[in-house]
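Undergrad: Sequence first, predicted model second:
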Amino acid sequence: MTVSATEAPAPAVPFEFFELQVVRKQRIGASMVRLTFGGAQLGRLVSGGKDQRFKLFLPHPGQQAPVVPTASDNWFSEWRAMDPGVRALMRTYTVRALRRTPQYPADELDVDFALHEGPVPGGGPASQWALNASLGDPVTLLAPVVEDNGGVDFRPPPATDWVLLSGDETALPAIASILESLPAGTPARVFLEVPHPEDRQPLLTSADAEITWLVREGEERHRTEAAVAAVRETSLPSGTPYAWIAGEAGTVKALRRHLVRERGVDRRAVKFTGYWRLGISEEQLLAEATANAPAAA
């Protein structure tokens, strides 16, 4: 195929590093804080929409900036070999919004941080960083520069008649973005689990969406039991479904099992991702992931 003068060939690698700074901070719920990032490089960043994910690198307390070997082709191997107390904290997050409209003075990227419950108020290192972040604080991103990239998982087949979305607060940013992307009138059943009533958010969509909020505060049942019961008790539309489930790993697996075994949903039509695991810290999960990861990312 010949590339015309108005077309540019796709980059050989669809992800690049970006150096950005915090330009705004907003508390959007009892358990969520939104940070807006800006920077001269942001114009190259591209989002495929929906549940677009990227890698976020954060500094440790006392560091001026995250330490990442961004200039190396083997950055992941070099990063993994570094002292964990020195190398940047690496986490996966979702693009909540990427704005390039005339009313804004510069490009902006919104990222919503869930503040995990636990013995430390605000949760782990990434949540603590978000809580304490100030304007101008630097971050590094590994993010896409082409729209069609491997960081988007919500890909319903053309024959899909309706969708089911389910997740906890860690999946709320992705679900909110997915809802905004659905064509008008698309039947959708949405289940969102949050810690407190104040964590419920207004969600914009043109879809025909029935949204059920599952609040853990005051709920006597285990979170997994409550989540599965909510789906089990809901009347689902007819036709070919597509399900997207994310959040706590145990709950995600139970919901997938229910849809496939009890509701007869084709397992190939269920996209499920465990964002975190109950009783396991972020650092423990990261250690498992990096130990099992290939030498090159």
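TA: Okay, I see it.

Undergrad: give me the low-pLDDT residue ranges for this protein?
TA: Along the chain, segments meeting pLDDT under 70 span 1-13, 101, 103-105, 117-123, 281-297.

Undergrad: Would you enumerate the residues in contact with the spatially most central residue of it?
TA: Centroid-nearest residue in the chain, with C-alpha atoms, centre = their mean: Thr94, separated by 3.2 Å. Neighbouring residues of Thr94 by C-beta atoms under 8 Å, 6 or more residues apart in numbering: 51-54, 111-112, 173-174, 177. Quick note: C-beta positions are derived from backbone N, CA and C, even for glycine.

Undergrad: repeat that with 10 Å
TA: Listed by C-beta atoms under 10 Å, 6 or more residues apart in numbering, the contact set of Thr94 reads 47, 50-54, 110-112, 151, 170-178, 246, 275.

Undergrad: Which strand residues bridge Ile245?
TA: Note on Ile245: beta-bridge partners Ser166, Phe272, judged by DSSP bridges.

Undergrad: How much space separates it from Ala184?
TA: According to C-beta to C-beta, to the nearest Å, Ile245 and Ala184 sit 24 Å apart.

Undergrad: Tell me which of those two has more neighbours.
TA: Applying other C-beta atoms under 10 Å to Ile245 and Ala184 shows that Ile245 carries more neighbours, namely 24 against 8.

Undergrad: ok, the more buried one touching Ala269?
TA: No: under the criterion of C-beta atoms under 10 Å, Ile245 is not in contact with Ala269, lying 11.4 Å apart.

Undergrad: so what sits against both of the two?
TA: 164, 259.

Undergrad: which SSE is Phe18 in?
TA: In this assignment (DSSP states H and E), Phe18 forms part of strand 15-29.

Undergrad: Within its sheet, name the partner strands of that strand and how each one runs.
TA: When pairing is defined by DSSP bridges, strand 15-29 lines up against strand 32-38 (antiparallel), strand 138-144 (antiparallel).

Undergrad: if I pick the residue nearest to Glu108 when sequence neighbours are not counted, what's in contact with it?
TA: Spatial nearest neighbour of Glu108, excluding adjacent residues (C-beta to C-beta, 6 or more residues apart in numbering): Arg99 at 4.7 Å. Counting by C-beta under 10 Å, 6+ apart, Arg99 makes contact with 36, 38, 42, 106-110.

Undergrad: By neighbour count, sort out the buried ones in those residues.
TA: In terms of neighbour count (16 or more other C-beta atoms under 10 Å), the buried residues within these are 36, 38, 42, 107-110.

Undergrad: which ones among these are found in strands?
TA: Among the buried ones among the contacts of Arg99, the members found in strands (DSSP state E) are 36, 38, 108-110.

Undergrad: now, which of the residues you listed sits nearest Arg221?
TA: Nearest to Arg221 among these: Asp110, at 33.2 Å, using C-beta to C-beta.

Undergrad: Thought Val95 was touching that closest one, still the case?
TA: Yes: in this structure, Asp110 is within contact of Val95 by C-beta under 10 Å, at 7.7 Å.

Undergrad: so where do the strands sit in the stretch 1-150 of the chain?
TA: For the stretch 1-150 of the chain, applying DSSP state E, counting those that start in this stretch gives strands covering 15-29, 32-38, 53-58, 89-94, 97-99, 108-114, 138-144.

Undergrad: Off-centre distance for the shortest one?
TA: Pointing back at strand 97-99 there. Relative to its parent chain, strand 97-99 has a centroid offset of 14 Å by C-alpha atoms, centre = their mean, to the nearest Å.

Undergrad: do the same with stretch 44-58
TA: Counting by C-alpha atoms, centre = their mean, stretch 44-58 is centred 9 Å from the centre of its parent chain.

Undergrad: again with stretch 67-75
TA: 23 Å.
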